[in-house]
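**Q** Sequence and computational prediction follow.
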Amino acid sequence: MLETIRNIGIIAHIDAGKTTTTERVLFYTGKEHRIGEVDDGTATMDWMEEEQKRGITITSAATTCYWNKHRINIIDTPGHVDFTAEVERSLRVLDGAVVVFCGVGGVEAQSETVWRQANRYHVPRMAFINKLDRTASDFYRVVEDIKTKLGARPVPVNIPIGKEADFSGVIDLVKMQAVQFKQVDDVNHTVETFLEPISDNMKKKADEYRENLVIALGESCDWFMEKYIHDAEFSEQEINQAIREATIKSKIVPVFAGASVKNKGIQPLLDAICLYLPSPLDLPPVKGIEPKSGKAVDRKCDPKAHLASIAFKTVTDRHGELTYVRIYSGTLRVGDQVYNPRIDKKERVMRLFIMHSNQRNAVDSAGAGEIAAVIGFNFTATGDTLCDKQHPIVLETMTFPEPVIAMAIEPKSSADRDKLNECVAKLAKDDPTFRTHSDEETGQVIVSGMGELHLEIIKGRLLNDFNVPANFGEPRVAYKETIAVECSEGIGVFQKKIAEKTVNAFANVILRKTDKQGISILPVTGVKEKDLSPAQKQLFMLANSIFKDIEKSSSLSGTAAGFPLTYVAIQPDFSSVKVEPPEFAEIALTAAINLAIDNAIGKAGCVILEPVMKLEVSMPDEYVGEVLNDLNKRRCEVTDMASHETIKVISGIVPIAEMFGYATMLRSLTQGRGAYAMEPLAYRLAPESVRQNYGV
């Protein structure tokens with residue numbers, strides 16, 4: 001039944017305990033009979049060899065488990081910023097999320113990133129403050145962190161009993177009872193929950209936070225406030241209903257306490273997932289557009305409705321290609337032909353699976369509200385809509401950050417070149433933040449990614465998963481360019497004889513510098529569509545289509561060193577567009593527009609930009625001086641310094657060109673006790689030394 005389905009993600013900063021929490025969920029729901037450990041390389045959800053070796057999550061993994069008659073579909077996501085695309089595409093298709101925070105570190109750099117991603121897709125979420133058994137952990141400080149740093153309204157639904165090594169249970173503020181965690185099994189260190197009265201020394205704090213909970217619910221739910229004003233007593237069911245309503249509307253973020261590695265807090269978290277996070281029926285109908293008319297349409301979550309689904313992930317391994325699909329309406333069956341409007345092709349569902357990490361459980365069908373994996377698609381890519389050909393719809397796709405680091409790859413022999421190109425193309429299809437192109441001068445394959453670790457994983461997969469004999473260059477910065485002036489006008493004239501006819505085309509564009517990354521297209525000027533004749537309207541639609549293709553491809557290059565252009569907006573001027581004869585309009589107009597853009601770029605001139613990263617470094621107090629001194633040498637602009645007990649956190653902005661090998665340096669400076677996280681921030685003017693390297 002749809003009302004008992006929960007499609008959730010586990011998201012967090014790296015090392016907050018996402019996978020450890022997911023492993024406990026699988027154990028306590030009976031999905032696994034042994035608790036997998038990340039540090040031992042035995043975690044079920046970290047199935048890739050590189051994940052087990054490094055002790056981190058690299059790719060999101062899906063599974064299904066059951067708790068209190070509810071089906072919980074879980075996607076465990078990476079925390080490292082190099083794999084942020086995995087979080088992005090997971091949140092695009094999930095109905096709710098559990099955000100895990102470290103009880104010591106609180107809201108960290110990647111916590112803010114995943115929170116913004118969840119905001120973008122309007123995902124209701126709850127918070128699980130983990131590692132409360134650790135020295136210097138502080139539940140209440142992290143709650144305040146969530147409020148001040150994330151701009152959310154965190155509302156504890158349970159609060160911890162005891163602190164650090166003495167953390168022994170939680171107080172359930174709905175039931176107003178103590179929930180004690182007691183070990184009942186020495187093999188898996190299984191912990192069970194036992195309800196007890198609230199102790200005298202915790203009664204005052206419990207009453208305070210119960211009142212805070214009730215006030216927050218009153219401010220979020222009108223019916224609850226009405227009852228609160230009249231001093232009525234609330235039943236447990238009414239409080240749970242109000243928490244659920246406020247959570248689904250994202251008016252509050254329920255907060256829960258635990259220590260996953262000690263198996264504490266998992267059962268209350270599972271109860272909360274079932275009680276408070278939405279089912280597919282609780283969310284509005286999925287919205288999209290009709291591909292031909294551009295008219296807005298929506299689809300209700302109904303297995304009997306017309307099919308509307310989105311391919312949010314593809315995985316290529318030795319066994320072939322697997323496509324993960326979230327179904328919003330209708331039903332997907334083995335043998336069905338589904339329509340992909342982006343490529344205007346049909347794809348056949350050869351086999352259908354419900355996934356448990358990398359294990360495939362074959363099914364005959366999957367309906368609205370479910371997440372499944374398909375074998376048989378040849379052309380479908382991440383973000384593509386799959387629907388009914390007779391009732392087409394295009395759903396909102398995903399946006400991904402631009403790569404910031406590149407590496408050259410050469411096949412060890414000319415015989416290996418085709419295999420290398422084929423495997424790199426497969427990896428690029430799987431990962432939207434991994435880009436590849438060939439350098440015609442050197443014959444090398446240039447691959448780009450989100451960081452050193454990202455490229456290391458790609459290298460490992462090519463060598464180990466695909467057995468590609470290749471030589472790898474050192475990582476290098478993925479520079480970009482932008483125009484050197486605020487705006488530049490360009491004219492394109494195309495004249496050529498085609499099929500014994502002289503074809504003429506003329507186009508005019510203006511390039512403008514903008515603060516938006518990539519290439520964007522501004523609204524057409526010089527024409528009102530309603531004033532156009534049918535022939536002019538057809539030309540207008542063709543021009544729009546050509547400009548959209550330019551925007552999607554982002555393939556324009558600068559004139560300084562040939563790097564891709566960014567922070568550029570193109571303003572088409574339709575009033576000057578001319579094409580004759582009309583039967584060659586597409587070829588001629590495309591050429592004229594490209595000539596006009598090249599003309600405008602040439603007139604403007606270009607400057608080289610370097611990628612800068614948002615950086616957060618944490619270390620014990622005694623190492624702050626050495627770390628700061630090293631960061632200054634790396635051209636780091638320190639923006640903030642904060643203290644968490646004995647831990648100092650330095651925040652700043654730093655060029656990625658200065659951060660190669662930083663992990664090793666930080667370990668050396670802090671005797672292995674420091675940690676850092678980076679995420680792409682923007683592109684800034686490259687220093688003189690970089691410009692000189694490229695003769696600019």
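**A** That came in fine, so what should we check first?

**Q** now the closest residue to residue 567 other than its chain neighbours: how far from residue 605?
**A** Once flanking residues are discounted, residue 567 sits nearest to residue 482: 4.4 Å by CB to CB, 6 or more residues apart in numbering. Every C-beta, even on glycine, is put in place using the N, C-alpha and C of the backbone. Residue 482 sits 10 Å away from residue 605, going by CB to CB, to the nearest Å.

**Q** The two - which one has more neighbours?
**A** residue 482 (22 against 15; other CB atoms under 10 Å).

**Q** and that one, bridged to which residues?
**A** In this entry, residue 482 is beta-bridged to residue 607, by DSSP bridges.

**Q** I figured it was touching residue 513, is that so?
**A** Yes - look at residue 482 against residue 513 with CB atoms under 8 Å: they come within range, at 6.4 Å.

**Q** Now do the shared contacts for the two.
**A** Counting by CB atoms under 8 Å, 6 or more residues apart in numbering, the contacts common to residue 482 and residue 513 are 567, 568.

**Q** Look at the closest residue to residue 535 other than its chain neighbours and report its pLDDT.
**A** Sequence neighbours aside, residue 582 is the residue nearest to residue 535 in space, at 6.8 Å (criterion: CB to CB, 6+ apart). We have a pLDDT of 79 for residue 582.

**Q** What segments of the stretch 451-600 of the chain are helices?
**A** Chain-ordered helices for the stretch 451-600 of the chain, with DSSP state H, counting those that start in this stretch as the definition, fall at 452-460, 534-553, 585-604.

**Q** closest to residue 493 out of those?
**A** Distance to residue 493, taken as CB to CB, is lowest for helix 585-604 among those, at 6.7 Å.

**Q** which residues touch that closest one?
**A** 483-485, 487-494, 496, 498, 503-511, 538-539, 542-543, 546-547, 550, 556, 558-559, 565, 570, 572, 577, 579.

**Q** CA atoms of it as PDB?
**A** C-alpha atoms of helix 585-604 as PDB (Å, rounded to 0.1, in the frame of the first residue of the first chain):
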ATOM      1  CA  ALA A 585      17.400  27.000 -42.900                       C
ATOM      2  CA  GLU A 586      18.700  24.700 -40.200                       C
ATOM      3  CA  ILE A 587      22.200  24.200 -41.700                       C
ATOM      4  CA  ALA A 588      22.600  27.800 -42.700                       C
ATOM      5  CA  LEU A 589      21.200  29.400 -39.500                       C
ATOM      6  CA  THR A 590      23.200  27.200 -37.300                       C
ATOM      7  CA  ALA A 591      26.400  28.200 -39.100                       C
ATOM      8  CA  ALA A 592      25.500  31.900 -39.100                       C
ATOM      9  CA  ILE A 593      24.700  31.900 -35.300                       C
ATOM     10  CA  ASN A 594      28.000  30.100 -34.500                       C
ATOM     11  CA  LEU A 595      29.900  32.600 -36.700                       C
ATOM     12  CA  ALA A 596      28.200  35.500 -34.900                       C
ATOM     13  CA  ILE A 597      29.200  34.000 -31.500                       C
ATOM     14  CA  ASP A 598      32.800  33.400 -32.600                       C
ATOM     15  CA  ASN A 599      32.900  37.000 -33.900                       C
ATOM     16  CA  ALA A 600      31.600  38.400 -30.600                       C
ATOM     17  CA  ILE A 601      34.100  36.300 -28.600                       C
ATOM     18  CA  GLY A 602      37.000  37.500 -30.800                       C
ATOM     19  CA  LYS A 603      36.000  41.100 -30.400                       C
ATOM     20  CA  ALA A 604      35.700  40.800 -26.600                       C
END
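
**Q** Buried residues, that helix. List them.
**A** 585, 588-597, 599-601, 604 (16 or more other CB atoms under 10 Å).

**Q** For the protein, list the residue farthest from the centre, please.
**A** residue 500 (52.1 Å; CA atoms, centre = their mean).

**Q** residues touching that one, list them.
**A** Counting by CB under 8 Å, 6+ apart, residue 500 has no contacts.

**Q** can you pull the pLDDT of it?
**A** pLDDT at residue 500 comes out at 79.

**Q** What separation is there between the residue lying closest to residue 673 once chain neighbours are set aside and residue 83?
**A** In this structure, residue 673 finds its nearest non-sequential neighbour in residue 620, 5.6 Å apart by CB to CB, 6+ apart. Here the criterion is CB to CB. By it, residue 620 lies 28 Å from residue 83.

**Q** So for the two, which residue has more residues nearby?
**A** Using other CB under 10 Å as the criterion, residue 620 and residue 83 rank with residue 83 on top: 25 against 14.

**Q** Surely that one touches residue 456?
**A** No - in this structure residue 83 lies outside contact range of residue 456 using CB under 8 Å: 11.8 Å.

**Q** re earlier: can you give me the neighbour number for the residue nearest to residue 535?
**A** 12.

**Q** what's in contact with stretch 412-425?
**A** Against stretch 412-425 from outside (CB under 8 Å, 6+ apart): 409, 411, 436, 438, 445, 447, 462, 466, 468, 469, 470, 471.

**Q** One more: stretch 238-245?
**A** 157, 174, 213-214, 217, 220-221, 224, 227, 234, 252, 254, 275-276.

**Q** how much space is there between residue 303 and residue 584?
**A** Applying CB to CB to residue 303 and residue 584 gives a distance of 48 Å.

**Q** So the two - more neighbours on which side?
**A** residue 584 (20 against 17).

**Q** any idea how far that one is from residue 508?
**A** From residue 584 to residue 508 the distance is 19 Å (CB to CB).

**Q** surely residue 657 meets residue 478?
**A** No - at 10.1 Å, residue 657 does not count as touching residue 478 under the criterion of CB under 8 Å.

**Q** circling back to that earlier point, can I assume the residue nearest to residue 673 is in contact with residue 670?
**A** Yes - Residue 620 is within contact range of residue 670, at 7.1 Å (criterion: CB under 8 Å).

**Q** For the stretch 451-600 of the chain, give me the ranges with low pLDDT.
**A** In the predicted model of the stretch 451-600 of the chain, residues 525-526 satisfy pLDDT under 70.

**Q** which residues of the chain score low on pLDDT?
**A** 33-34, 36-58, 187-188, 317-320, 440-443, 525-526, 645, 695-696.

**Q** Grab the most central residue of this structure for me.
**A** Centre-nearest of the chain using CA atoms, centre = their mean is residue 88, 1.6 Å out.

**Q** what sits against residue 410?
**A** So residue 410 contacts 443, 444, 445, 470, 471, 473 (CB under 8 Å, 6+ apart).

**Q** what do you get for residue 674?
**A** Counted by CB under 8 Å, 6+ apart, residue 674 has contacts 617, 618, 619, 620, 623, 627, 666, 667.

**Q** Output those residues in CSV, with distance to residue 358 and secondary structure appended to each entry.
**A** Formatted as CSV, the contacts of residue 674 follow (distance: CB to CB, whole Å; DSSP: H, G, I helix; E, B strand; the rest coil):
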residue, distance to residue 358, secondary structure
617, 34, strand
618, 33, strand
619, 36, strand
620, 38, strand
623, 40, helix
627, 39, helix
666, 33, helix
667, 31, helix
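
**Q** Perfect, that will be all.
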